[in-house]
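Trainee: Attaching a predicted model along with its sequence, questions to come.
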Amino acid sequence: MSSSSNIFLRRYIALAVLATILFILIPLASSIGLYRVTFLDIYKMLLGYNLPEDEFIALWIRLRRIFVGAIVGALLGGAGAIAQAVFRNPLASPFTLGISQAAALGVAIALIAGYGGTATQWFIQFARPYILPIAAFTLAIIQTVLILLLAYRAGLTPQALVLSSIALSFLYQAILAVLQYLVLNELQIATIVFWMFGDLGKAGNTELLILATTFIPVTLAYMLMNLDLDLIAIGDEIAYTSGLNPKKFRFFATAIAALGTALATCFVGVLAFLCLLAPHIARAIVGSSHRYLLPASMMISSILLIAADTFGRTALSPRTIPAGIVLSFLGAPLLIVLLLRGSRRW
Amino acid sequence: MIIRVVGVSVTYGSIKALENVSLEVFPGEVVSIIGPNGSGKTTLLKTIDSIVKPIAGSIYIDGKNIYNYTRREIAKILSYVPQRIDLLQNTTVIDFVLTGRRPYADFSYSKVDIDKVFEVLKIVNAEHLAYRKLDELSGGELQRIVIARALASEPKVLLLDEPTANLDSKYQVEIMKLIRRLSSEKKVAVIMAIHDLTSAYRFSDKVVMIKNGVVVSIGKPEDVITEDNIWRVFEVKAKIFRELRAVIVEI
Ligand SMILES: Nc1ncnc2c1ncn2[C@@H]1O[C@H](COP(=O)(O)OP(=O)(O)OP(=O)(O)O)[C@@H](O)[C@H]1O
Ligand SMILES: [Mg+2]
């Protein structure tokens, strides 16, 4: 049937369009800012042309945060799509399940314990940045186990699961606040509080390197799960009868999503709503087959994050609003719209 | 494929759901399981598909204990259709039916899988629904799609839990005719839990009547669905019109 290839072709086209937008957005976004450069300069730089050193540094810092945005966005967008499928819950995401906040708490604890680095006035320089993802992942996994226990043992409804996860994430923020008052001076408090609103400018070269190298295996792990995500989204019994162990897979998949979230969170902080919104937009564009949904959600998330960051950099220039805050402004109303629309169905 | 259920007992904690149930199902046979709410119909279907593990007794597929099959092998032989499925938004029929091909696919679905999807959609007369969203289908359309998904794995045995619940008379007949067609044309055995006694009477080769997890009667519809048995199991008076093959419950 020719129309069957049409529907799949349409999805590939949608993915190609998203990739093109992202590809254009990266140099475009980095050409916008206080230091005026053109689109072409960015390409020149990427192609290895020699630029004056000060120009190079200014550009690289901007480009670096956009690369960070692309990777972090993709990690979160994928994690959000996975969470929605395995919890069969349109409200599930690393953010609403408290995994992001748990990861942020892990980072804060590592920083406070002095393993991660020292706070400076403008950004946090990490003496040993690789400690941070490990700390973030540890707490993210603890939260993963907690929500799975809540889901299985207490047999919570989807809504109750999200509510209790949000309650837990408030708890994490409270722990963070207590730690601050007990341990930190005012300057340090300011940087940690900042952590609760993600900001792409926090990541440096080493951080980008860590993100870039871990991004590939995590994305591969996301994609390898695509058929099983389709199955578990239908129901545990159906998944089981089609040859999947749903409980094992749910834990495994959530752990991978938590890993992606921990990586995304540990260098830039919590980015509200992104991982919740991107999969919904992606679902509306390519449908709910994860082979297409995962990459679409990842790219949409990257695009949203870069756009939010660019807006935050330029709207009140020379002041910078962290991308996390811009996303909250965008995400909160969209979430409400989603709930209003969804209440008819769920 | 011959399915043999031998002396199976199932408990949920302290609740006894099935006790010493035995049953044989041959290729192309349509078997109806009837009994009151909570009598163990769903449990029996789940036990046959080894979703639920019995505390005693065994299931054999072609003489081999089901535990000696891998889950993937079982998935290619048996297909279970639960009574209700929860749907995520924006799921297209074709994607949903494709998931039925999972036992044959590893990383992605191929052209063969997609062709198979259209083949089963044709069997259930739903080719025209291929690109519709699941949440935009009528009850009867959805039921046909769910059956199509079960057929996509090319099963030898179809396990259906109340396939006609929530359907109007037209769709009920349509689904029952489809089941008969599958059994005669594709030699698929069908084991279904069903509440409508007339349908069970008309469309099945074998009827299993259970109460409180115990088989009360098993055999040909006319031998099992009798006024006596209905009184014993359902505690209602019924009238059976043999020439019409219909069961009417008296008030
Ligand atoms: N997961 C479970 N945990 C505990 N008890 C269960 C479970 N599933 C079923 N039961 C119990 O086992 C018995 C048989 O249930 P089953 O669902 O097999 O009945 P049924 O014949 O399908 O009923 P219905 O016609 O209402 O669908 C009932 O008493 C039920 O309460
Ligand atoms: Mg039942």
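Mentor: Everything's here; your move. Ligands and ions are numbered 1, 2, ... in the order given.
Trainee: check contacts around the residue of the stretch 101-250 of chain B found nearest ligand 1.
Mentor: The minimum distance from the stretch 101-250 of chain B to ligand 1, using Cβ to the nearest ligand atom, falls at residue B:193 (5.8 Å). In short, each C-beta sits where N, CA and C put it, glycine included. If you count contacts by Cβ atoms under 8 Å, 6 or more residues apart in numbering or on different chains, residue B:193 has them with B:32-34, B:41-42, B:44-45, B:160-162.
Trainee: The nearest residue to residue B:216 once chain neighbours are set aside pairs with what?
Mentor: Distance criterion Cβ to Cβ, 6 or more residues apart in numbering or on different chains; nearest residue to residue B:216, sequence neighbours excluded, is residue B:209 at 4.8 Å. Counting by DSSP bridges, residue B:209 is bridged to residue B:34, residue B:217.
Trainee: Can you tell me the SS state at the residue nearest to the spatial centre of chain B?
Mentor: Nearest to the mean C-alpha position of chain B, by Cα atoms, centre = their mean, lies residue B:160 at 1.8 Å. Assigned by DSSP: H, G, I helix; E, B strand; the rest coil, the conformation of residue B:160 is strand.
Trainee: Give me the pLDDT for it.
Mentor: Listed pLDDT for residue B:160 reads 96.
Trainee: That one pairs with what?
Mentor: With DSSP bridges as the rule, residue B:160 is bridged to residue B:81, residue B:192.
Trainee: Please identify the helix or strand for residue A:299.
Mentor: helix A:290-314 (DSSP states H and E).
Trainee: Actually, residue A:93.
Mentor: Using DSSP H and E, no helix or strand contains residue A:93.
Trainee: that older thread, what's the distance between the residue of the stretch 101-250 of chain B closest to ligand 1 and residue A:51?
Mentor: According to Cβ to Cβ, to the nearest Å, residue B:193 and residue A:51 sit 73 Å apart.
Trainee: The chain: strands as residue ranges?
Mentor: In the absence of a named chain, this looks at chain A. A:117-119, A:124-126 (DSSP state E).
Trainee: Hmm, no, I was thinking of chain B.
Mentor: Counting by DSSP E, the strands of chain B are B:3-12, B:15-25, B:30-34, B:56-61, B:64-65, B:78-81, B:157-161, B:189-193, B:206-211, B:214-219, B:238-241, B:246-249.
Trainee: helices or strands up against the helix holding residue A:299?
Mentor: Secondary-structure packing of helix A:290-314 (3 or more Cβ pairs under 8 Å, 6 or more residues apart in numbering or on different chains; DSSP states H and E): helix A:2-31, helix A:53-86, helix A:205-224, helix A:226-234, helix A:274-286, helix A:323-342.
Trainee: rerun that using 10 Å as the cut-off
Mentor: If you count contacts as 3 or more Cβ pairs under 10 Å, 6 or more residues apart in numbering or on different chains; DSSP states H and E, helix A:290-314 packs onto helix A:2-31, helix A:53-86, helix A:205-224, helix A:226-234, helix A:246-268, helix A:274-286, helix A:323-342, helix B:93-98.
Trainee: List the buried residues for it?
Mentor: By neighbour count on 16 or more other Cβ atoms under 10 Å in any protein chain shown, the buried set for helix A:290-314 is A:290-313.
Trainee: where do the helices sit along the stretch 101-250 of chain B?
Mentor: B:111-123, B:139-152, B:169-185, B:197-203, B:221-224, B:227-234 (DSSP state H, counting those that start in this stretch).
Trainee: how about those, which one is nearest residue A:146?
Mentor: Checking the helices of the stretch 101-250 of chain B against residue A:146 by Cβ to Cβ gives helix B:139-152 as the closest, at 33.9 Å.
Trainee: What is that closest one packed up against?
Mentor: So helix B:139-152, by 3+ Cβ pairs under 10 Å, 6+ apart, packs with helix A:236-241, strand B:78-81, helix B:93-98, helix B:111-123, strand B:157-161, helix B:169-185.
Trainee: can you put those in TSV and add distance to ligand 1?
Mentor: Output for these, formatted as TSV (distance: least, Cβ to the nearest ligand atom, whole Å):
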stretch	distance to ligand 1
helix A:236-241	11
strand B:78-81	13
helix B:93-98	24
helix B:111-123	26
strand B:157-161	7
helix B:169-185	17
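Trainee: Let's have these in CSV, adding distance to residue B:204.
Mentor: Formatted as CSV, the helices and strands packed on helix B:139-152 follow (distance: least, Cβ to Cβ, whole Å):
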stretch, distance to residue B:204
helix A:236-241, 23
strand B:78-81, 17
helix B:93-98, 26
helix B:111-123, 20
strand B:157-161, 12
helix B:169-185, 9
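Trainee: give the contact list for residue A:326.
Mentor: A:197-198, A:271-272, A:304-305, A:307-313, A:315 (Cβ atoms under 10 Å, 6 or more residues apart in numbering or on different chains).
Trainee: try 8 Å this time
Mentor: A:308-309, A:311-312.
Trainee: do residue A:338 as well
Mentor: A:90, A:280.
Trainee: in chain B, which ranges drop under the pLDDT threshold?
Mentor: B:88 (pLDDT under 70).
Trainee: Count the residues that sit near the nearest residue to residue B:146 once chain neighbours are set aside.
Mentor: Excluding the flanking residues, the one nearest residue B:146 by Cβ to Cβ, 6+ apart is residue B:81, at 5.6 Å. For residue B:81, the neighbour count with other Cβ atoms under 10 Å in any protein chain shown is 22.
Trainee: what does the stretch 1-150 of chain B put close to chain A?
Mentor: B:46, B:49, B:51, B:71-72, B:74-75, B:78-80, B:82, B:85-92, B:94-96, B:98-100, B:102-103, B:105-109, B:114, B:118, B:130-131, B:135 (Cβ under 8 Å from any Cβ of the partner chain).
Trainee: Tell me, how many residues neighbour residue A:248?
Mentor: Residue A:248: 9 neighbours (other Cβ under 10 Å).
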